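Undergrad: I would like to see how this sequence folds:
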Amino acid sequence: MNTKDAIQQHRQICDELYELALEENRFLQENKRPPDAALLERKRAALGRLDAAIAALRANPSRDTRDPAQRTALEKTQTRIMQILQVDRENEQLLTRYSLSRGTVPQAQPPERGRLQSIYERASRPDRPV
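TA: Numbers count the residues shown, from 1 in each chain. Sure thing, here's the model as predicted:
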């Protein structure tokens with residue numbers, strides 16, 4: 001496999017990981033719980049393929065870094081990686097929020113307006129004991 005093919009394969013896997021991150025994000029926002037095992041398994045498989053693609057890139061070091069097509073492909077791949085990281089960071093925040101909110105007690109109801117008014121009136125009396 002030459003360098004151009006290795007970059008193209010790496011980009012395809014990055015595109016797939018980006019789509020999986022978006023799918024996970026949609027799931028988290030809609031269901032407010034961690035995704036099912038099937039989605040996680042698909043992510044693990046894609047990450048395994050990514051490791052193989054990175055190994056292929058390392059095995060074929062670029063001899064001509066001035067090639068405009070290769071430079072453009074690398075820049076597009078770098079942009080996609082940044083997008084993946086951004087969505088993945090949001091997913092981590094959502095996962096943290098939803099895992100921390102599990103098992104919490106529902107928030108207390110606010111007191112009635114009349115109750116608050118009576119408390120304020122008692123507190124503002126000049127004859128109140130200190």
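Undergrad: low-scoring stretches of this protein, by residue?
TA: Along the chain, segments meeting pLDDT under 70 span 62-65, 102-111, 113, 116, 120, 126-130.
Undergrad: Check which helix or strand residue 22 maps to.
TA: helix 3-31 (DSSP states H and E).
Undergrad: same deal with residue 42?
TA: helix 37-59.
Undergrad: Downstream of that helix, the next helix or strand is which one?
TA: Where DSSP H and E defines the elements, the next helix or strand beyond helix 37-59 is helix 68-100.
Undergrad: May I see the buried residues of that following helix?
TA: Buried residues in helix 68-100, defined by neighbour count with 16 or more other C-beta atoms under 10 Å: 73, 74, 77, 80, 83, 84, 87, 88, 91, 94. C-beta here means a position set from N, CA and C on the backbone, and glycine is covered the same way.
Undergrad: Which one of those residues is nearest to residue 46?
TA: residue 84 (10.6 Å; C-beta to C-beta).
Undergrad: Could you give the separation of stretch 51-59 from the chain centroid?
TA: 25 Å (C-alpha atoms, centre = their mean, to the nearest Å).
Undergrad: That stretch: which residues count as buried?
TA: In stretch 51-59, counting by 16+ other C-beta under 10 Å, buried: 53, 56, 57.
Undergrad: for stretch 41-53, same thing?
TA: Residues of stretch 41-53 classed as buried under the neighbour-count rule (16+ other C-beta under 10 Å) are 42, 43, 46, 49, 50, 53.
Undergrad: How about stretch 27-44?
TA: 27, 28, 34, 35, 42, 43.
Undergrad: Now the terminal residues of it, how far apart.
TA: Taking C-alpha to C-alpha, to the nearest Å, stretch 27-44 runs 17 Å from one end to the other.
Undergrad: Now do that stretch: distance to the chain's middle.
TA: That offset, for stretch 27-44, works out to 11 Å (C-alpha atoms, centre = their mean).
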